[in-house]
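Asker: here are the coordinates; sequence isn't available:
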């Protein structure tokens, strides 16, 4: 695979989140032509299961294709893998849109609610739930404190603004 594609920070981050550091090593060694998983294992120096896991994840995301041949002698199947990046732009755009949607939902949730939390537990309650518990933590009976979520809202606004999606 040509390394130029991995020099793009968005693409690199996407692949890293999808297949991890070991998967990136597999991608870096992928040739333009077909190759077997055994050959990739030799090139990369990772175990076969890690290589196959990476290949299948990429295949599931339509970024890898394969063809298989059956040996007439042994009946074994050999898989020949090839990187297929025609769908990469679409896949990344879909992920970005999904992320924007999640951020917008979270923004709405944060702006439409008032929160209370326990200083001893990592628990956060919306106003109605906190009132139901008489503003006492249901785990330790300590008073629930008002939680200012302005920093969370501002962070979401900033991220949506950076993505050109703040409405």
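Answerer: Received the coordinates, thanks. Because the structure is a prediction, the values reported are computed rather than measured. Residues are numbered from 1 along each chain as shown.
Asker: what packs against the longest helix that the chain contains?
Answerer: Secondary structure assigned by DSSP state H gives helix 88-112 as the longest helix of the chain. Helix 88-112 sits against helix 9-29, helix 150-162, with contacts defined as 3 or more CB pairs under 8 Å, 6 or more residues apart in numbering; DSSP states H and E. From N, CA and C alone the C-beta is placed, and that goes for glycine too.
Asker: nearest to residue 89, of those helices?
Answerer: Minimum separation from residue 89 across the helices and strands packed on helix 88-112 (CB to CB) falls at helix 9-29, 9.4 Å.
Asker: Just name the most buried of the helices and strands packed on helix 88-112.
Answerer: Per residue and on average, the most neighbours among the helices and strands packed on helix 88-112 fall to helix 9-29, with a mean of 16 (mean count of other CB atoms under 10 Å).
Asker: nearest residue to residue 33 other than its sequence neighbours?
Answerer: Once flanking residues are discounted, residue 33 sits nearest to residue 82: 7.0 Å by CB to CB, 6 or more residues apart in numbering.
Asker: who's in contact with that neighbour?
Answerer: Counting by CB atoms under 8 Å, 6 or more residues apart in numbering, residue 82 touches 33-35, 64-67.
Asker: element containing it, please.
Answerer: strand 77-83 (DSSP states H and E).
Asker: between that strand and helix 9-29, how big is the angle?
Answerer: Between strand 77-83 and helix 9-29, the angle comes out at 140 degrees (axes from the mean of the first three to the mean of the last three CA atoms, to 10 degrees).
Asker: Strand 77-83 - which strands sit beside it in the sheet, and in what orientation?
Answerer: strand 35-36 (antiparallel), strand 64-70 (antiparallel) (DSSP bridges).
Asker: Before I go, just wanted to say thanks for your time.
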